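In: Any chance you could fold what I've pasted below:
(2 chains)
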There are 2 protein chains.
Amino acid sequence: MNHPAQFDIVGIGNAIVDVLAHADEGFIEAHGMQKGSMTLVDERIAETLYREMGPAVEMSGGSCANTIAAAASLGIRVAFIGKVADDQLGRIFTHDLTSAGVHFDTPAAADGPSTARCLVFVTPDAQRTMATYLGASVELGPDDIDTDLVATAQYVYLEGYLWDPPEAKQALREAIAAAHQAGRKVAMTLSDPFCVARHRSEFLELVAGPIDVLFANQLEAESLVEVGDVWAAVEVLQGQAELVVITRGDQGSLVVTPEAVFEVPPVRVPEVVDSTGAGDLYAAGFLFGLTQGWDFVHCAQAGAAAAAEVISHFGARPERDLGELVRIAIREEV
Amino acid sequence: MNHPAQFDIVGIGNAIVDVLAHADEGFIEAHGMQKGSMTLVDERIAETLYREMGPAVEMSGGSCANTIAAAASLGIRVAFIGKVADDQLGRIFTHDLTSAGVHFDTPAAADGPSTARCLVFVTPDAQRTMATYLGASVELGPDDIDTDLVATAQYVYLEGYLWDPPEAKQALREAIAAAHQAGRKVAMTLSDPFCVARHRSEFLELVAGPIDVLFANQLEAESLVEVGDVWAAVEVLQGQAELVVITRGDQGSLVVTPEAVFEVPPVRVPEVVDSTGAGDLYAAGFLFGLTQGWDFVHCAQAGAAAAAEVISHFGARPERDLGELVRIAIREEV
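Out: Numbering: from 1, shown residues only, chains lettered A, B, ... in the order given. Okay, the predicted model is just below:
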């Protein structure tokens, strides 16, 4: 069953356009949002928040889509599966992904909710607080999973946020089955500590079961196994997936295999302008390394280099040539 | 007829959403665009260019709308008249203007072309080359001019670009008549040297006729009167309008009255990140000064301060408190 892979990575995630504006702490509090985290909102609340939001900028987002766009810029063959509506924001999302070099042909929803938006409120401390209206993303269903496509990719990469839209779960289970049947690997990110809290028991089953590579930041890993310390989380998670990769901000990352734990330092930047996308880009660099057959420490260094690029500017998609940055980070040792 | 003004400025312009991406010089050449200038394109060419454009960011634009949004941030009472379609980009444009504090209630076009887009290609030298699809802007007609609104504003501000959509001219003539009938002043910007070339004879008539305050950059002023030197342009234009204001980039600006010419230096910035919007913001600062009854040199200093803010970051709308910057620029002398 193990044909040569046609794609290096296929990502499955929510197809979201970000709407970014500045806001003060009072605005976040007054609207009952949790600073620094993502809240799901319905269309009515999204409309209300948007009305009260300041002048904004729109850019394509979505955690998994950010990872896949970054992986494309590293020069590997990538595809994305996700659901937009047939509207202007959907066309913007599609354009930004395909023009980055990503294969993306999930049919847009012809009717129903509009393309998903994430209202991003940037506070003076450069933190982001997000309110997501899932819109057309909730229409992603088993029919949208091109299992042939999935079977031809070396890695399938899933975002935890996909467990939020009710219909997507079955689609994901089919994708996982198709990947494994073809002898491919399945990677997943836990996305967000609150997302972990919403789906903890399912995520635990997945990690102990079909997930081969798990990405999580420290808070997400701790939340998953309900401990208050990253090393305690490492102890519980070690061996549950083949690889458990835990990012720790300016403390670098941990790569946990059944046999060992590798601590890898971060790539330092002169100024953190906007930390969003750090985890998404780290995953892109790490997965890129895996597809090149690199050892885990080099994979983690590639992840750190990609993350460093994206936190140096506003927005969660890369602006510079990631390939060069990754080569510098691993000092051409590979 | 001279009732107290309810608005300080009402702007009339094309309602446009900017779509910005990086591009190299070769792309500009290959598509026959003139680097640094704006080309009008039809929907088919806009679609083709967009397909070949890299991943982009969307933000509300339009020269006059940028001026009006900036004037709102200076704390004066402003309104905008312009035509969007009833679509997602139209709602984005409307949101960004109203949330900046601008009164904007021109009815959106229910059918016909979609909201206008300006594809902005940013080359490595930080210059912008623009391709504009006017879309719903061409639907602006005499019915959209709320002459009562115009009559209640101290200044009406028109953009030269409005002479491109065929239906808008009659609307503008009605706006000018309504303003003058109410004893108000009419200001206009020439917008772009190519726009001047398209409409030179009409613009010359307007400047010699109903326009009270003319804004132009050096190239536009030279193009209007077909001379190759700014002082030659000053000589021809002096006295044609009550005030002729000519911006000259890092050489500051000239304020030309029938009696005198004032040279005002620019406000220096550490780094010019993106020069777009400089003229739009200069006009906002200058008009703000006029509505406050300031002398012309202080008006020009306010314009320079507002322009300095907008060239210090990406995008053509202000990110910082312009009021404070203007107060610093004029050193609290007023």
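In: so residue A:117 sits right up against residue A:47, yeah?
Out: No - assessed by Cβ atoms under 8 Å, residue A:117 is found out of contact with residue A:47, at 10.2 Å. (Glycine included, C-beta is placed from N, CA and C.)
In: more crowded one of these two?
Out: The residue with more neighbours, out of residue A:117 and residue A:47, is residue A:117; 23 against 13, by other Cβ atoms under 10 Å in any protein chain shown.
In: Quick one: residues contacting the more buried one.
Out: Applying Cβ atoms under 8 Å, 6 or more residues apart in numbering or on different chains, one finds that residue A:117 lies in contact with A:16-19, A:46, A:50, A:89, A:132-133, A:135.
In: As JSON lines, those with distance to chain B would be great.
Out: Converted to JSON lines, these look like this (distance: Cβ to the nearest Cβ, whole Å):
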{"residue": "A:16", "distance to chain B": "14"}
{"residue": "A:17", "distance to chain B": "9"}
{"residue": "A:18", "distance to chain B": "10"}
{"residue": "A:19", "distance to chain B": "8"}
{"residue": "A:46", "distance to chain B": "12"}
{"residue": "A:50", "distance to chain B": "6"}
{"residue": "A:89", "distance to chain B": "5"}
{"residue": "A:132", "distance to chain B": "17"}
{"residue": "A:133", "distance to chain B": "13"}
{"residue": "A:135", "distance to chain B": "11"}
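In: ok, and the most crowded of those?
Out: residue A:16 (29 neighbours).
In: Could you give the bridge partners of it?
Out: residue A:116 (DSSP bridges).
In: Thought residue A:137 was touching it, still the case?
Out: Yes - the pair residue A:16 / residue A:137 is scored as a contact, 6.9 Å apart, by Cβ under 8 Å.
In: Need the overlap of contacts for those two.
Out: Shared contacts of residue A:16 and residue A:137, counting by Cβ under 8 Å, 6+ apart, come down to residue A:116.
In: Residues in contact with stretch A:229-249: which ones?
Out: A:185, A:207-208, A:211-218, A:221-222, A:224-225, A:227, A:253-258, A:261, A:266, A:275, A:278-279, A:282-283, A:286, A:296, A:300, A:303, A:307.
In: In helices only, show me the residues you listed.
Out: Using DSSP state H, A:207-208, A:218, A:221-222, A:224-225, A:278-279, A:282-283, A:286, A:296, A:300, A:303, A:307 are the members of the contacts of stretch A:229-249 that sit in helices.
In: which among the residues you listed end up buried?
Out: A:207, A:218, A:221-222, A:224-225, A:278-279, A:282-283, A:286, A:296, A:300, A:303, A:307 (16 or more other Cβ atoms under 10 Å in any protein chain shown).
In: Output the set of residues of chain A in proximity to chain B.
Out: Contact residues (Cβ under 8 Å from any Cβ of the partner chain) of chain A with chain B: A:22, A:50-51, A:53-60, A:69, A:87-89, A:92, A:95-97, A:99-100, A:114, A:315, A:317, A:319.
In: Just the buried ones from the residues you listed?
Out: For the residues of chain A next to chain B, buried by 16+ other Cβ under 10 Å: A:50, A:53, A:55-60, A:69, A:87-89, A:92, A:95-97, A:99-100, A:114, A:315, A:317.
In: if we can go back for a sec, tell me the one of the ones in helices among the contacts of stretch A:229-249 nearest residue B:11?
Out: residue A:278 (40.5 Å; Cβ to Cβ).
In: Kindly provide the distance from the residue lying closest to the closest one once chain neighbours are set aside to residue A:273.
Out: Excluding the flanking residues, the one nearest residue A:278 by Cβ to Cβ, 6 or more residues apart in numbering or on different chains is residue A:307, at 4.5 Å. Distance of residue A:307 to residue A:273, given as Cβ to Cβ, to the nearest Å: 13 Å.
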